[in-house]
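Chemist: With the sequence up front, the predicted model follows.
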Amino acid sequence: MKKLLLGLAGLFALFVAVVLGVAATRPATFRVERTETIAAPPSMVFAQLDDFHRWSAWSPWEKLDPQMKRTYSGAPHGKGAVYEWQGNKEVGRGRMTITETRDDALVQIRLEFLEPFPADNLTKFALGPVANGPHGTEVRWSMEGPNSFMGKVISVFADMDQMIGADFDRGLAKLKSVSESAAPAPAQ
């Protein structure tokens, strides 16, 4: 029995060493990006992104905790607007601050996760005309930041792009629905 336990302990130590070794080779930064085409003018899409008060209509995380506490401060929208949240373990606690905007073209946000794991990331929504299309807006949602050692260890088992990318996909689909339902019908 003692040899079995020592053998299992040795296998576990080897497993941990391999995981830590693989984690050490992971990149120091990460980036996740998704794109969606929305049949609405850039101004309508931009209005949804530039005002944190409107995010509850499309954000993929807003419905994860119905009891989530939200605080808005700073500017009412645009540069300087701040949104803070605190919720259950799925939502955690954090803060977003709009750091840059360009009318109908860009919303850049400093995204700070405070709990359960601290992180400081940059999120961008870049808006542009639809290529080869009659009208609409192409929205490119990206997030990038440092990949901590704990993040590297997690990435051995779960790909960051797949985890967060699925949320981006859901959010962009909802943003599309909200923006298109508010957009005027195209002229015939």
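Modeler: Looks like it came in fine.
Chemist: Show me the helices in this protein, by range?
Modeler: 2-24, 42-49, 149-157, 160-182 (DSSP state H).
Chemist: ranking these by mean pLDDT, which is last?
Modeler: The stretch with the lowest mean pLDDT among these is helix 149-157, at a mean of 65.
Chemist: Surely Ser142 is in contact with Asn121?
Modeler: No. With contact defined as C-beta atoms under 8 Å, Ser142 does not count as touching Asn121 (10.0 Å). Using the backbone N, CA and C atoms, a C-beta is placed for each residue, glycine as well.
Chemist: Compare those two (neighbour count), which wins?
Modeler: Neighbour tally, Ser142 and Asn121, criterion other C-beta atoms under 10 Å: the higher count belongs to Asn121, 21 against 17.
Chemist: Now do the same for the closest residue in space to that one that isn't next to it in sequence: its pLDDT.
Modeler: Spatial nearest neighbour of Asn121, chain neighbours left out: Gly145 (3.4 Å); criterion: C-beta to C-beta, 6 or more residues apart in numbering. Gly145 is assigned 86 on the pLDDT scale.
Chemist: likewise Val32?
Modeler: If you check Val32, the pLDDT there is 90.
Chemist: what's the burial count for the closest residue to it other than its chain neighbours?
Modeler: Nearest-residue entry for Val32: Ile164, 4.6 Å, with adjacent residues in sequence omitted and distances by C-beta to C-beta, 6+ apart. Around Ile164 there are 17 other residues, counting by other C-beta under 10 Å.
Chemist: same deal with the one 4 residues further on?
Modeler: By the criterion of other C-beta under 10 Å, Phe168 has 20 neighbours.
Chemist: who touches it in this structure?
Modeler: Phe168 sits next to 32-34, 60, 141, 143 when contact means C-beta atoms under 8 Å, 6 or more residues apart in numbering.
Chemist: repeat that with 7 Å
Modeler: By C-beta atoms under 7 Å, 6 or more residues apart in numbering, Phe168 lies in contact with 32, 34, 141.
Chemist: How about the last one: which residues does it bridge to?
Modeler: Taking DSSP bridges, one finds Arg34, Phe125 as the beta-bridge partners of Trp141.
Chemist: doesn't Phe125 make contact with it?
Modeler: Yes. The criterion here is C-beta atoms under 7 Å, and Trp141 meets it with Phe125 at 5.5 Å.
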